[in-house]
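Visitor: what follows is a predicted structure for the sequence shown.
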Amino acid sequence: MITYEQLTEAAEYIRHIICGIPDLGIVLGSGLGHMADAITDPVYIDYKDIPNFPVSTVQGHNGRFVYGKLYGRKILIMQGRVHFYEGYDMSQVVMPVRVMGILGIDKLLLTNAAGGISSELEPGDIMMIHDHISSFAPSPLICNYYDKLGVRFPDMTHVYDPELCDHIRAAYEENNISFKSGVYLQVAGPQYETPAEIRMFSAMGADAVGMSTVCEAVAARHMGMKIAALSSICNKAAGLGGELSHEEIIAAGDEASGRLALIIGSFIQKI
Ligand code: HPA
């Protein structure tokens with residue numbers, strides 16, 4: 001379990017490398033990492049050099065922060081994240097987002113690769129997350145130093161900030177990308193779901209499913225950060241299309257990443 005002191009030690013390390021407080025933190029999910037290439041004069045901070053930081057073991061995830069400017073805004077991008085299924089506990093999984101909060105970043109954009117459950121979603125679509133279901137993964141708020149970060153029982157009525165969501169919607173329109181919005185459900189993974197699980201999630205109101213993001217959104221909301229989130233729909237969820245393969249899902253994410261980059265670019269100019 002990561003301690004509060006370990007969080008602040010990691011934040012201090014990063015604070016000495018970047019200058020000023022970034023205007024926005026972005027977490028890039030599976031297959032979306034190369035979007036950080038657009039940053040001008042990038043400064044790279046490898047996760048392995050940051051004290052106490054978890055380092056990803058999954059293929060397709062680079063493990064570093066990229067800091068620099070995009071459209072005149074100071075942006076701190078996480079190129080790759082760690083997942084609960086890698087064997088880390090939730091306090092480690094959300095550590096990077098906690099560290100961003102301690103650095104003073106107050107706006108966060110989370111992205112992920114997801115399976116589409118709703119019949120409205122096709123592979124290649126980008127879904128804005130307007131709400132989530134966290135009940136199938138442990139809470140990242142289970143710890144004894146919560147009071148240094150937020151309250152014990154935080155409200156989760158508006159996890160995704162209405163104003164940032166408006167900016168995201170406008171960013172779709174600007175780029176003529178059809179707007180999709182839905183509820184994302186986080187599973188622990190790493191196995192993909194069964195068709196029966198997908199039918200259950202569908203009945204519960206989930207539109208898309210994946211193995212990340214919700215825990216980070218909960219931790220960031222706990223700290224009072226403003227959050228927006230986007231899912232790149234890579235496949236139809238189990239039982240709604242063919243069998244699922246990680247390689248095909250990463251490739252589909254790659255295909256959608258151009259549209260995702262357009263939305264993120266317009267979004268950044270609005271914040
Ligand atoms: N299920 C869970 N995680 C995923 C999926 C899926 O269908 N697609 C991409 N990540």
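Guide: Right, received. Where do you want to start? Residues are numbered from 1 along each chain as shown.
Visitor: for the ligand, what is the nearest residue in the stretch 101-250 of the chain?
Guide: Relative to the ligand, the nearest point of the stretch 101-250 of the chain is residue 115 (2.1 Å; Cβ to the nearest ligand atom). C-beta here means a position set from N, CA and C on the backbone, and glycine is covered the same way.
Visitor: I'd say that residue and residue 234 touch.
Guide: Yes - at 6.9 Å, residue 115 counts as touching residue 234 under the criterion of Cβ atoms under 8 Å.
Visitor: name the residues of this structure found near the ligand, please.
Guide: Residues of the chain lying close to the ligand (Cβ under 6 Å from any ligand atom) are 113-115, 192-193, 209-211, 234-235, 237, 244, 249.
Visitor: could I get the buried residue list for stretch 243-257?
Guide: 244, 249, 250, 252, 253, 254, 256, 257 (16 or more other Cβ atoms under 10 Å).
Visitor: any shared contact partners between residue 115 and residue 234?
Guide: Common neighbours of residue 115 and residue 234 (criterion: Cβ atoms under 8 Å, 6 or more residues apart in numbering): residue 249.
Visitor: so where's the protein uncertain?
Guide: Scanning the chain for pLDDT under 70 picks out 30-31, 33, 57-62.
Visitor: quick check: longest helix of it.
Guide: helix 246-268 (DSSP state H).
Visitor: can you give me how far it is from the chain middle?
Guide: How far helix 246-268 lies from its chain's middle: 13 Å, per Cα atoms, centre = their mean, to the nearest Å.
Visitor: what sits against residue 177?
Guide: 126, 259, 262, 263.
Visitor: out of those residues, who's nearest the ligand?
Guide: Relative to the ligand, and with distances defined as Cβ to the nearest ligand atom, the nearest of those is residue 126, at 13.3 Å.
Visitor: what about that closest one, neighbour count?
Guide: Neighbour count of residue 126, defined by other Cβ atoms under 10 Å: 26.
Visitor: is the residue most central in space within the chain part of a helix or strand, or is it coil?
Guide: A centroid search over the chain (Cα atoms, centre = their mean) returns residue 110, at 3.0 Å, as the residue closest to the centre. Per DSSP: H, G, I helix; E, B strand; the rest coil, the secondary structure class of residue 110 is strand.
Visitor: which non-adjacent residue is nearest it?
Guide: By the measure of Cβ to Cβ, 6 or more residues apart in numbering, the closest residue to residue 110 outside its immediate chain neighbours is residue 229, 4.1 Å from it.
Visitor: next one: residue 130
Guide: residue 181 (5.0 Å).
Visitor: for that neighbour, what are its contacts?
Guide: Residue 181 sits next to 127, 128, 129, 130, 165, 169 when contact means Cβ under 8 Å, 6+ apart.
Visitor: do I have it right that the second one meets residue 227?
Guide: No - using Cβ under 8 Å, residue 128 is not in contact with residue 227, being 11.5 Å away.
Visitor: partners of the residue nearest to the centre of the chain in the sheet?
Guide: Using DSSP bridges, the bridge partners assigned to residue 110 are residue 27, residue 229.
Visitor: cheers, nothing more for now.
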